[in-house]
Every structure is written in C-alpha cells, then in structure tokens.
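Q: sequence first, predicted coordinates after that:
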Amino acid sequence: MSSVSKSDVEINSDPVGTEWHFLVGVLAGAKAQFYLDGLLVGKQTLDGEIESSTKWSIGRGLWDNTYRYANGIVANVYLYNRALSPLEVWQLYQGKTILDGLVLWLMPQREFKGTWWDRSGYMNHGTIYNATPSDEKFLLPPLR
C-alpha cells in the first residue's frame, strides 16, 4: 500500500482569496481526479491501494515528516463508496445532494464543540483536532 502525498499528486490550480471553493477528489481504481468548483483541474495514476482501515485526515498532510495543516475553513465533507461521475461532481457543486453510495456526510456544528456528526445515517462521526469551530452558520442543502 502507498499513501498519496504532495510529491505524488499535483493539482494545477491555486484557489486564493476569501471566496468559498468546492474541492472534490475522485478515486476509481488507480485513477485519481481532482475538481475545483465543479471543473476538472488535475488527474493522476497512483501506485498501490488505499485500504479501508486507513485513517483519514481532512485539511492535514504529511510532507517531509512534518504535519502541515490547511489554512481555511472546511464546511462539509462527503465520502462515497464509489467513484462519482463528472456530472455528479458538477451537480454537487450546484447544490444537489447525491445519496447513491453516500457513506459519510460531515458538517461542522459549533454547539457540539469538536465533533462532526455524520448525516449519512452510518454513524461515522468525526473528531476535530487543531481547529476551532467557526461562528459562521453553514446552510445545509435539503436532501434531494
């Protein structure tokens, strides 16, 4: 098994400013695709496998034996047990909720201080480390 690191994957896009951006990674076998605001911005063939027991981090990566953290706000996290099509990525960006294959749907909730509750129904709740919940209110799209 190999892990995906900064040296393994390049995304030729640099979102800047104070606007929200919608970032999606799709993995189908060894083929990884990356979308920014609904549009394909990078793709790569990866070596190795990602095991189901792998612990995941959102907004954190290990480069040069040092953990690096994203400087920004994460609003919602979706995880599917299948690869999404380019059309489905675009639909998510447009605000549609894709339920087919959804196994994790995390959203920050300030009142629960440090816990992200899974809205997918699978009880895959998350814990927030090295971050402070925001006072901003995140609007939740209706289930469609």
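A: Everything's here; your move. Numbering: from 1, shown residues only.
Q: least confident secondary structure element in the chain?
A: strand 60-63 (a mean of 72; mean pLDDT, DSSP states H and E).
Q: restrict that strand to CA atoms and write it as PDB.
A: Extracted in PDB, the C-alpha atoms of strand 60-63 (Å, rounded to 0.1, in the frame of the first residue of the first chain):
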ATOM      1  CA  ARG A  60      -3.900  17.900   7.100                       C
ATOM      2  CA  GLY A  61      -1.000  16.300   5.200                       C
ATOM      3  CA  LEU A  62       2.400  14.800   6.000                       C
ATOM      4  CA  TRP A  63       5.200  16.300   4.000                       C
END
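Q: what's the next helix or strand after it packed up against?
A: For strand 60-63, the following helix or strand on the C-terminal side (DSSP states H and E) is strand 66-69. Using 3 or more C-beta pairs under 8 Å, 6 or more residues apart in numbering; DSSP states H and E as the contact criterion, the elements in contact with strand 66-69 are strand 60-63. Quick note: C-beta positions are derived from backbone N, CA and C, even for glycine.
Q: what's the burial count for the nearest residue in space to Asp37 that is not next to it in sequence?
A: Closest residue to Asp37 apart from its sequence neighbours, by C-beta to C-beta, 6 or more residues apart in numbering: Phe22 at 5.2 Å. Taking other C-beta atoms under 10 Å as the criterion, the count of residues near Phe22 is 18.
Q: repeat that for Trp63.
A: 10.
Q: now the one 4 residues further on
A: Here the count is done by other C-beta under 10 Å, and Tyr67 has 10 residues near it.
Q: now do the strands in the protein.
A: In the chain, the segments counted as strands under DSSP state E are 23-28, 31-36, 39-45, 60-63, 66-69, 77-80, 102-108, 115-118, 126-127.
Q: now these in JSON lines, with distance to Trp90?
A: JSON lines is the format used below for those (distance: least, C-beta to C-beta, whole Å):
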{"stretch": "strand 23-28", "distance to Trp90": "10"}
{"stretch": "strand 31-36", "distance to Trp90": "8"}
{"stretch": "strand 39-45", "distance to Trp90": "8"}
{"stretch": "strand 60-63", "distance to Trp90": "26"}
{"stretch": "strand 66-69", "distance to Trp90": "29"}
{"stretch": "strand 77-80", "distance to Trp90": "14"}
{"stretch": "strand 102-108", "distance to Trp90": "17"}
{"stretch": "strand 115-118", "distance to Trp90": "24"}
{"stretch": "strand 126-127", "distance to Trp90": "26"}
